[in-house]
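Undergrad: fold the following.
(3 chains)
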Amino acid sequence: MFIELYELLLNVYGPQGWWPLYCSKTKKLQYHPGCYRSLKEKEALEVCIGAILTQNTSWNKVESAIALLHKNKLFSIKKLLSDDFKPDILRCIHSCGYYNQKYVYIKNFLEWYVKEGKHTLPKGRRDTQQIRKSLLAIKGIGRETADSMMLYGYNIPVFVVDSYTKRYFFQTGALDKEEISYDTLRLTVESEFQESFDRKKLHVAYNEFHALIVRHMKNRI
DNA sequence: AACCAGGAGAGAG
DNA sequence: CTCTCTCATGGT
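TA: Numbering: from 1, shown residues only, chains lettered A, B, ... in the order given. The predicted model follows:
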């Protein structure tokens, strides 16, 4: 029944092309509908940083923040990890809100990344559960952020749950109550999708389904 | 002018 | 495990 909702939304809105990435020509973040290629290292890192910046924050602010980081040539691991550029970086991400703790969260992630993430994240070489576990151990990365990084940054097939997801499933009658734990809902959806899709289609479905739910719920409020 | 957005951590019970 | 508080800006 979740699959039917997915196909319904896909027919209505079409492919969403998440995750939008910075384009140096237009100097803006752009969606790429129907494109599911694996990302280069810097692109995947941009997804991860965007995932942190968008915590409880509308995406348009994150777009301008990431564009500012690029325009000011601050988008590098070294600069983001160096305290020398802290005031400049805070200025870039200021409009996203919670900028003090998001600055620390990004550093926490990048410190982990240069140590082991660089070798464990790409291609889901290790077990999905192990990758999720090590991401969740980073202060500032919760379930939704971790799953967004894996799905949109590294093509690891996981279904991303957020508050829209629970509300949408409740409103459509797919769930009889909105209060359900993150992993319970994720595993429920994943077990249904795993029976009907192979790995490649699974990735496309998880990618689009979450984006479509956000798109749908944003329109109607 | 209150309400909320592509959440997460810490503490209490 | 479930509540509650905190972190913060800008668009509607």
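Undergrad: dihedrals phi and psi, the residue in chain A positioned nearest to DNA strand C?
TA: Distances between chain A and DNA strand C by CB to the nearest atom of the strand are smallest at A:G97, namely 2.5 Å. Quick note: C-beta positions are derived from backbone N, CA and C, even for glycine. Phi and psi for A:G97, reported as degrees, to the nearest 10, are phi 80, psi 160.
Undergrad: contact partners for the nearest residue to it once chain neighbours are set aside?
TA: In space, and not counting its chain neighbours, A:G97 is closest to A:T57: 5.3 Å by CB to CB, 6 or more residues apart in numbering. Residues near A:T57 by CB atoms under 8 Å, 6 or more residues apart in numbering: A:96-98.
Undergrad: show me how to select, in PyMOL, the buried members of the residues you listed.
TA: Selection command for PyMOL covering only the buried members of the contacts of A:T57, criterion 16 or more other CB atoms under 10 Å:
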select buried, chain A and resi 96
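Undergrad: from the contacts of A:T57, which is closest to A:H203?
TA: Proximity of those to A:H203 (CB to CB) peaks at A:C96, which lies at 27.8 Å.
Undergrad: do the strand or helix carrying A:N207 and DNA strand C meet at all?
TA: Here A:N207 sits within helix A:199-219, counting by DSSP states H and E. No - on the criterion CB under 7 Å from any atom of the strand, helix A:199-219 is out of touch with DNA strand C, staying 10.8 Å away.
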